[in-house]
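Participant: What follows is a protein structure lacking sequence information:
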């Protein structure tokens with residue numbers, strides 16, 4: 001009788017020389033914040049998130065089946081960097097429909113949280129917000145249903161002509177939505193106003 005333990009079966013690593021090893025998803029974003037309680041409340045309100053874990057120094061928030069999508073950490077003695085420095089530009093969150101995006105805008109506006117920039121990029125209808133520490137969030141609706149449609153939009157030349165988009169009034173867009181205007185009309189990107197260029201549409 002052989003009492004020696006059986007050796008485990010070998011398990012080779014994936015063949016990275018011939019296989020693309022891509023991540024399956026973006027798991028979470030962690031932000032350094034100056035006031036943990038203030039940022040916690042802001043993100044819970046904006047994303048309608050729940051607290052997955054928290055202590056005096058950090059807070060993990062989720063709004064779906066991921067254990068945390070946003071992490072907030074408040075290191076002692078944190079200094080705020082100027083907008084002119086390099087770093088994170090913005091984080092984007094997609095809503096399931098234009099109606100949901102507009103209803104969320106109305107919900108937040110009633111609580112005093114309003115976007116600083118609303119723009120029809122072409123592929124997305126986007127509203128940009130600043131959190132209490134100045135981090136930028138993009139809340140968006142995808143205009144096209146497939147990547148092929150987005151590729152066709154890029155290939156059509158409109159994006160080369162205007163890579164930024166055209167600004168819009170979210171309250172006016174919500175009124176048009178409620179009036180029953182077709183979605184294709186609501187999401188179609190207008191041409192740039194006469195005498196304006198792409199950077200005239202940008203709000204830093």
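Facilitator: Cool, the structure landed. Given the structure is predicted, the values throughout are model-derived calculations rather than measurements.
Participant: mind listing what's buried in the helix or strand bottoming out on mean pLDDT in the chain?
Facilitator: The weakest-scoring helix or strand in the chain, judged by mean pLDDT, DSSP states H and E, is helix 158-161 (a mean of 82). Using 16 or more other Cβ atoms under 10 Å as the test for burial, helix 158-161 gives residue 159. Using the backbone N, CA and C atoms, a C-beta is placed for each residue, glycine as well.
Participant: What is the very next helix or strand once past that helix packed up against?
Facilitator: Using DSSP states H and E, the next helix or strand after helix 158-161 towards the C-terminus is strand 166-167. Helices and strands touching strand 166-167, by 3 or more Cβ pairs under 8 Å, 6 or more residues apart in numbering; DSSP states H and E, are strand 117-120.
Participant: buried set for the next helix or strand along the chain from the strand it packs on?
Facilitator: Proceeding N to C from strand 117-120, the next assigned helix or strand is strand 124-130, under DSSP H and E. Across strand 124-130, burial judged by 16+ other Cβ under 10 Å covers 124-129.
Participant: With stretch 133-147 instead?
Facilitator: Under 16+ other Cβ under 10 Å, the buried positions of stretch 133-147 are 133, 135-143.
Participant: try stretch 42-61
Facilitator: Buried residues in stretch 42-61 (16+ other Cβ under 10 Å): 42-44, 46-47, 49, 58-61.
Participant: for stretch 109-127, same thing?
Facilitator: Buried positions in stretch 109-127, judged by neighbour count with 16+ other Cβ under 10 Å: 115, 117-127.
Participant: Of those residues, which is the nearest to residue 175?
Facilitator: Nearest to residue 175 out of these is residue 118 (Cβ to Cβ; 13.8 Å).
Participant: Taking the centroid of the protein, which residue is nearest it?
Facilitator: residue 92 (1.0 Å; Cα atoms, centre = their mean).
Participant: So it is in contact with residue 138, correct?
Facilitator: Yes. Assessed by Cβ atoms under 8 Å, residue 92 is found in contact with residue 138 at 4.0 Å.
Participant: Which neighbours do the two have in common?
Facilitator: Between them, residue 92 and residue 138 have residue 126 as joint contacts when contacts are counted by Cβ atoms under 8 Å, 6 or more residues apart in numbering.
Participant: Show me where this structure dips below the pLDDT cut-off.
Facilitator: Within the chain, the ranges that satisfy pLDDT under 70 run 1-2, 11, 13-14, 21, 80-86.
Participant: Break down it into its strands, ranges please.
Facilitator: Using DSSP state E, the strands of the chain run over residues 29-32, 50-54, 58-62, 70-73, 91-95, 117-120, 124-130, 136-142, 166-167.
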